[in-house]
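In: return a 3D structure for these sequence lines:
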Amino acid sequence: LRLIEMATLDHPLLKELSVQCPGTWNHSMVMGMMVEAAAESTNANPILARVGAYFHDVGKIKMPLYFVENQHHAENRHDKLSSSMSALIIRSHVKDGIELARKHGLPQKIEDMIPQHHGTSRIEYFYDKACKSAQEAGDDAATVDVNLYCYPGPKPQTKEAGILMLADGIEAATRTLSDPSYDRIQGLVQKMINKVFASGELDECELTL
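Out: Next up, the predicted model:
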């Protein structure tokens, strides 16, 4: 009943998200529909998955303009930062999200999905950028500390958190398609699901191929 109440979007944290981070809010709403359908198909809890999607990125409220969905063609603030500093800011939305969840007394299952939807995955864009910079400076890319570019975890522990991880990457990636035809979207979705499974991020939850 509490989850159903939270799904009405009247929660003050969601209202703040819609004002401070309209791009993130839209991303979260679309994900809510995606994960609800996926949860129904895999015998997971649809309402838990949907509410988890609504709150998964609330930590972006602290620094909204450092996340691409909120930039709206404005200057990219990461252009003036080192790759490691950019990764630190991106990673911080998980810690900030957990703090906000606790401050607002969100259910533990919702709070748990905030770090688990990223698991221990790598922030690929800034890691690749750091490797490229190292090579241009004459250093080996292996000198880049990969730990600076990985989320702290834990990996998804439930079906709902695993579904959330998949939907998060898929929703963001499909928005970048120049010609989002049915076949291209289907191919991208399959490719991303395979990539996440191969990475081992879903080893600790009950999702299967």
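In: what about the helices in this structure?
Out: 2-6, 12-20, 22-41, 46-55, 83-103, 108-116, 124-136, 159-174, 182-199 (DSSP state H).
In: which one, of the ones you listed, ends up nearest to Tyr149?
Out: If you check each of the helices of the chain against Tyr149 by Cβ to Cβ, helix 124-136 wins as the nearest, at 3.9 Å. C-beta: built from backbone N, CA, C; applies to glycine.
In: what about the residue lying closest to Ser18 once chain neighbours are set aside, how many neighbours?
Out: In space, and not counting its chain neighbours, Ser18 is closest to Trp25: 4.4 Å by Cβ to Cβ, 6 or more residues apart in numbering. By other Cβ atoms under 10 Å, the residues close to Trp25 number 23.
In: can you pull the contacts of Val94?
Out: Each residue near Val94 by Cβ atoms under 8 Å, 6 or more residues apart in numbering is listed here: 59, 114-115, 118, 151-152.
In: out of the residues you listed, who's nearest Leu48?
Out: Among the contacts of Val94, Ile114 lies closest to Leu48 (Cβ to Cβ), at 13.5 Å.
In: Ser181 versus that closest one, what's the distance?
Out: If you measure Ile114 against Ser181 using Cβ to Cβ, to the nearest Å, the figure is 34 Å.
In: compare these two (neighbour count), which wins?
Out: For Ile114 versus Ser181, the count of surrounding residues by other Cβ under 10 Å is larger for Ile114: 26 against 9.
In: what about the nearest residue to the more buried one once chain neighbours are set aside, distance to Arg77?
Out: Closest residue in space to Ile114, ignoring its immediate chain neighbours: Gly97 at 4.2 Å, by Cβ to Cβ, 6+ apart. Distance, Gly97 to Arg77, by Cβ to Cβ: 20 Å.
In: quick revisit: of all the helices of the chain, which one comes closest to Asn70?
Out: With Cβ to Cβ as the measure, helix 22-41 is the member of the helices of the chain nearest Asn70 (4.2 Å).
In: lowest-scoring secondary structure element of this structure by mean pLDDT?
Out: helix 2-6 (a mean of 90; mean pLDDT, DSSP states H and E).
In: show me what it is packed against.
Out: Helix 2-6 sits against helix 46-55, with contacts defined as 3 or more Cβ pairs under 8 Å, 6 or more residues apart in numbering; DSSP states H and E.
In: check which helices and strands the helix it packs on sits against.
Out: Counting by 3+ Cβ pairs under 8 Å, 6+ apart, helix 46-55 packs on helix 2-6, helix 12-20, helix 22-41, helix 108-116, helix 159-174.
In: if we go to 7 Å?
Out: helix 2-6, helix 22-41, helix 108-116, helix 159-174 (3 or more Cβ pairs under 7 Å, 6 or more residues apart in numbering; DSSP states H and E).
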